[in-house]
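Q: I'll drop the sequence and a predicted model, then ask my questions.
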Amino acid sequence: MNKKPKAILWHVLRLAVMAALVAYVISQAEWNDTVRPDGTPVQGLKTIAARLAQEWWWVAAALGVMTLQSPIGAVRWRLLLGVQGIHITFPESLRLTYIGWFFNNWMPGGTGGDFVKAWYIARRTHRKAEAVTVVFLDRLIGMVSLAVLGAAAALATLGDERVRSARIILAVFLGLAAAGGWIFYSRRLRRLVRLDRLLARLPVGHVVARVDQALFIYRHHKGTVALSVVYSWAAQAVSVFATYFLATGLGSDARLHHFFINMPVVWIFWSLIPVPGGFGVAEGLAQQFFNGAVLGVPAAEAATLALAMILAFRVVQSAVSLPGAALYLARRTDVSPRMMRETMATADPEGAEAPPFSDAERNVPPGTGGPGDA
């Protein structure tokens, strides 16, 4: 099977999974007010949404805090790019961050926001492999930081059994992340498996080696990584507060720590499961973790309120990312996978050697070793 049928099959599979998830989510919610056989009144999605429209100040608060997310993310991205010797101004970083956010929220198809950011930044430097790597490293650090934030909230509320499942998932995710980080950054293990030789044998080993170098260099920049984690916490706290404000406006009585524990699980799976826009994934997980006991509403109404909460968050997030459309159109450049491959090829021709990082670029004393060294 050649590449085109495989790509078509992959997109069809993603759409099928999304359709199944969305159908399940809808089946769990009530659209109109009903009364259960036991006499319990259940409010539908229309009534719940109307409540948020009346208490508009919660929406205003969510919009206000969400405007902080892109500036914080732009600062974090600049920090990580600087380690690779790629320096851009804060306005440019903010512009690309907004454009990427816009594509994620408004065009959740084959050209995601991370892809667009990677393409734009790769055009600005000869270190294209490193530039692209940083974009996805930025996402990875964000997910791990999100899990740490949730774990900290879970440890502070160990007696709350309502978030037990989320607590376990966060612990497993952080355990896997810690193990993966130790395996990747262990010089002894890399030398034992002869990683450099293994990479050289790959069909595009020169590119993979540069990606490997680009990631390994952060071992010598722990302060920068730690600071980027702090910025991640700030950006993620903004989203948590926005969700909390919207849920409260919809009628939720959940405590703030429930959102700091449960929403990281929702967002991590939202990012990891390759469904367009995460539609069905986020809503389904919210319905599972924000049950009646957490939201303080009848169990029969919880799934509807959880769905309304995620839909409201999507609307707020999309609205706040709209400046990215204006910034994209102001200096429009068409983006396609083909153009991305051509851009990478100009800097990473087949068989080219990966340019080594100098000691100044590593910011480590001469002779102390670098990627792959003992």
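A: It's in. Since the model is a prediction, treat every value here as computed from it, not as a measurement.
Q: switch to C-alpha atoms for all contacts and neighbour counts from now on
A: Will do.
Q: so residue 321 makes contact with residue 98?
A: Yes: counting by Cα atoms under 8 Å, residue 321 does reach residue 98; the two are 6.3 Å apart.
Q: now do the contacts for the residue nearest to residue 313 when sequence neighbours are not counted.
A: Leaving aside its chain neighbours, residue 313 sits nearest to residue 243 (6.2 Å; criterion: Cα to Cα, 6 or more residues apart in numbering). Counting by Cα atoms under 8 Å, 6 or more residues apart in numbering, residue 243 makes contact with 62, 259, 309-310, 313.
Q: now for the helix or strand in which residue 141 is found, which elements pack on it?
A: Assigned by DSSP states H and E, residue 141 falls within helix 128-156. If you count contacts as 3 or more Cα pairs under 8 Å, 6 or more residues apart in numbering; DSSP states H and E, helix 128-156 packs onto helix 69-83, helix 113-122, helix 164-185, helix 205-216, helix 222-250, helix 256-272, helix 337-347.
Q: buried set for the longest one?
A: Using 16 or more other Cα atoms under 10 Å as the test for burial, helix 222-250 gives 224-225, 228-229, 231-250.
Q: average pLDDT for that helix?
A: Averaging pLDDT along helix 222-250 yields 94.
Q: distance from that helix to the middle of the chain?
A: Relative to its chain's centre, helix 222-250 lies at 12 Å (Cα atoms, centre = their mean, to the nearest Å).
Q: got the angle between that helix and helix 69-83?
A: 170 degrees (axes from the mean of the first three to the mean of the last three Cα atoms, to 10 degrees).
Q: check contacts around residue 262.
A: Here residue 262 is in contact with 150, 163, 166, 286, 289-290 (Cα under 8 Å, 6+ apart).
Q: thought residue 41 was touching residue 30, still the case?
A: No: between residue 30 and residue 41 there is no contact under Cα under 8 Å: 11.4 Å.
Q: what about the stretch 201-350 of the chain, any weak spots by pLDDT?
A: Applying pLDDT under 70 to the stretch 201-350 of the chain flags the ranges 203-205, 332-350.
Q: go with 90
A: 201-222, 270-278, 297-301, 328-350 (pLDDT under 90).
Q: number of nearby residues for the closest residue to residue 237 other than its chain neighbours?
A: Among residues not flanking residue 237 along the chain, residue 260 sits closest, at 7.8 Å (Cα to Cα, 6+ apart). Residue 260: 25 surrounding residues under other Cα atoms under 10 Å.
Q: from residue 314, how far off is residue 260?
A: Distance of residue 260 to residue 314, given as Cα to Cα, to the nearest Å: 18 Å.
Q: list the contacts of the one helix or strand residue 304 maps to.
A: Using DSSP H and E, the element containing residue 304 is helix 299-320. If you take Cα under 8 Å, 6+ apart as the criterion, helix 299-320 is touched by 25, 28-31, 42-45, 48-49, 59, 62-63, 66-67, 102, 105-106, 242-243, 246-247, 250-252, 282-284, 286-288, 290-293, 295.
Q: how about 7 Å then?
A: 28-30, 42-45, 48-49, 63, 66-67, 105-106, 243, 246-247, 283, 286-287, 290-292, 295 (Cα atoms under 7 Å, 6 or more residues apart in numbering).
Q: from the chain's centroid, how far away is the helix or strand following that helix?
A: Using DSSP H and E, the helix or strand that follows helix 299-320 in sequence is helix 323-330. Centroid separation for helix 323-330 versus its chain: 21 Å, with Cα atoms, centre = their mean.
Q: could you do stretch 165-177 as well?
A: Worked out by Cα atoms, centre = their mean, stretch 165-177 lies 17 Å from the chain centre.
Q: just the residues contacting it, thanks.
A: Contacts of stretch 165-177 (Cα under 7 Å, 6+ apart): 147, 151, 154, 261-262, 265.
Q: secondary structure element for residue 253?
A: With DSSP H and E as the criterion, residue 253 is inside neither a helix nor a strand.
Q: how far away is it from residue 163?
A: Using Cα to Cα, residue 253 is found at 15 Å from residue 163.
Q: before we move on, what about residue 90?
A: Using Cα to Cα, residue 90 is found at 39 Å from residue 163.
Q: closest to residue 197 out of the helices and strands packed on helix 128-156?
A: Among those, the nearest to residue 197 by Cα to Cα is helix 205-216 (9.3 Å).
Q: off-centre distance for the closest one?
A: Computed by Cα atoms, centre = their mean, the chain-centroid distance of helix 205-216 equals 22 Å.
Q: same check, this time on stretch 193-212
A: Worked out by Cα atoms, centre = their mean, stretch 193-212 lies 27 Å from the chain centre.
Q: the chain should start at 57 in everything you say after this.
A: Renumbered: residue one is now 57, and that last one reads stretch 249-268.
Q: and it, which residues are buried?
A: 255, 261-268.
Q: now stretch 68-84
A: 70-71, 73-74, 77-78, 81-82, 84.
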